[in-house]
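>>> Output the structure for:
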Amino acid sequence: MGQHWKKIWIGSAGNMVEWFDWFVYASFATYFAGAFFPAGNDTAKLMNTAGIFAVGFFMRPVGGWLLGRVGDRRGRKAALTLTVTLMSASAVLIAAAPTYAVAGYGGVAVLLVARLLQGLSVGGEYAASATYLTEASAPGRRGFASSFQYVSMTAGQLLGLGLLIVLQHTLDSAQLHSWGWRIPFAVGALGAAVIFYLRRNMLETEVYAEAGQTSGEDRGTLRALWRHKREALLVIALTMGGTVAYYTYTTYLTKYLSNTAGLSKQTATLVSFFALLVFACLQPLAGALSDRIGRRPLLITFAVGSTFLTVPIMTLLRHAGSFWPALGLSLLALVVVTGYTSINACVKAELFPTGVRSLGVALPYAIANALFGGTAEYVALWFKNSGTESGFSWYVAGCAAVSLIVYLTMRETRDIDLTSPAGRAAEQPADPARVPTS
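Below is the predicted model of the structure:
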């Protein structure tokens, strides 16, 4: 048990720093948007920075392919070490990027390169982390252990929001807009250096080490993944609704509360912080529940809730007016999203055999995020700029409805044996709803 927890701790800590660097871009965008673009409409400047945010997502499939291949051929440890190296480099670039007043659009170019590097890094980090946490856990605790991926992701965002709150209370608005926004990226680069050291000394998973003795030469290749194309398409479809909802209520929420609901930036940040704190605590509880009742019931609950509650929640949030109503509605939304976030990592990892597991999770997940998660904020701002902001709520609900169909028809993955080349279920009493088909 001690070794399991050591692996989970190191994998989660690295994931936390990765996602801190990834999310502080969105959290601090309202402060640095004006630094890289000429004076103009505030929403337009936010759209520009959101567009660069989305570009990072379009590099995630490339990162998913490259680093997924590394994870399957060289090991989960090698992939995790490489991802944090790329993330550290990107954080340094953003921290040192010149503003529009100094270099014109040269600063935008530096920002773009940094986001491309972050896209490469995160494209591999999600799969490497999901695979590592799933394989490192005890067989009957995979849901619980893999839930720490979103605990660490949310912890990274909480650290970013916490730092933002501290800076909001120690620096004035002019200082934050001028240079204070660089601080979190410098902190992220330092944190990544620490995690690099930890990951260099981390233990490989036993599942991968054992499979490495027998895996074929095509492990981690697109040819090997093609043999599991049905599972790859399933990852894209089941991710669609979850990633849109997740980024709506995390990355975009602060902007929505300040830019639409009329809350101050400080109040909007506090709402996001406390909502995410509760959200992080819910992940292990839901993951443990999935180990008892299966993955599909939680996924279905999320999809039903997101399909039918998104429009009412977003409408009420628009008129929340103060801290407590905004917090209550945000918590309701994130409780619904927990049905997806707490277990999606292990569900995807459980679909593939060891020799193609990292690539099988990385590439299709990254594609789904590039198409839906990474563009969620930009789509939301586009709807707002066009005067039809409520259309975005229907878009989120529609994506969830598509995933609901997938959840209702997919196989249960809880009892799959990760060491089996064919991905068979472990020996359990017959239960048609739980035993996966071949």
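>>> in stretch 155-162, what's buried?
For stretch 155-162, the neighbour count (16 or more other C-beta atoms under 10 Å) marks Ala155, Gly156, Gln157, Leu158, Leu159, Gly160, Leu161 as buried. Bear in mind the C-beta positions are built from the backbone N, C-alpha and C, glycine included.
>>> Now go through those residues and say which are in strands.
Among the buried residues of stretch 155-162, no residue falls in strands (DSSP state E).
>>> what's the next secondary structure element after the helix or strand bottoming out on mean pLDDT in the chain?
The helix or strand of the chain with the lowest confidence, counting by mean pLDDT, DSSP states H and E, is helix 42-58 at a mean of 70. Proceeding N to C from helix 42-58, the next assigned helix or strand is helix 60-73, under DSSP states H and E.
>>> chain center to that following helix: distance?
16 Å (C-alpha atoms, centre = their mean, to the nearest Å).
>>> between the following helix or strand past that helix and helix 60-73, what angle do the directions make?
Downstream of helix 60-73, the next assigned helix or strand under DSSP H and E is helix 76-96. Counting by axes from the mean of the first three to the mean of the last three C-alpha atoms, to 10 degrees, helix 76-96 points 150 degrees away from the direction of helix 60-73.
>>> before we move on, back to that, pLDDT and distance to Arg69 added to the buried residues of stretch 155-162, as TSV?
As requested, the buried residues of stretch 155-162 are exported to TSV (pLDDT from 0 to 100; distance: C-beta to C-beta, whole Å):
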residue	pLDDT	distance to Arg69
Ala155	92	28
Gly156	91	25
Gln157	85	28
Leu158	89	32
Leu159	91	31
Gly160	87	30
Leu161	80	34
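>>> Tell me which entries of the residues you listed lie within helices.
When DSSP state H is applied, the buried residues of stretch 155-162 are split such that Ala155, Gly156, Gln157, Leu158, Leu159, Gly160, Leu161 fall in helices.
>>> with these in mind, which one is nearest to Ala333?
When those are compared for distance to Ala333 (C-beta to C-beta), Gln157 wins out at 15.1 Å.
>>> nearest residue to the closest one other than its sequence neighbours?
Phe23 (4.4 Å; C-beta to C-beta, 6 or more residues apart in numbering).
>>> helix/strand/coil for that neighbour?
Secondary structure, DSSP: H, G, I helix; E, B strand; the rest coil: Phe23 is helix.
>>> check contacts around it.
By C-beta atoms under 8 Å, 6 or more residues apart in numbering, the contact set of Phe23 is Gly156, Gln157, Gly160, Thr250, Thr251.
>>> coming back round to it: what is the nearest of the buried residues of stretch 155-162 to Ala268?
Leu161 (10.1 Å).
>>> Just the buried positions in stretch 297-308, please.
For stretch 297-308, by 16+ other C-beta under 10 Å, it's Leu298, Leu299, Ile300, Thr301, Phe302, Ala303, Val304, Gly305, Ser306, Thr307.
>>> I meant to write stretch 109-121 there.
Neighbour count says stretch 109-121 has Val110, Leu111, Leu112, Ala114, Arg115, Leu116, Leu117, Gln118, Gly119, Leu120, Ser121 buried, by 16+ other C-beta under 10 Å.
>>> Just put the residues you listed in TSV and tack on pLDDT, secondary structure and distance to Val271.
Converted to TSV, the buried residues of stretch 109-121 look like this (pLDDT from 0 to 100; DSSP: H, G, I helix; E, B strand; the rest coil; distance: C-beta to C-beta, whole Å):
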residue	pLDDT	secondary structure	distance to Val271
Val110	87	helix	32
Leu111	84	helix	27
Leu112	85	helix	30
Ala114	89	helix	28
Arg115	85	helix	26
Leu116	88	helix	31
Leu117	91	helix	31
Gln118	87	helix	26
Gly119	85	helix	28
Leu120	90	helix	32
Ser121	91	helix	29
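>>> before we move on, the earlier item: among the buried residues of stretch 297-308, which are in helices?
Per DSSP H, the subset of these in helices is Leu298, Leu299, Ile300, Thr301, Phe302, Ala303, Val304, Gly305, Ser306, Thr307.
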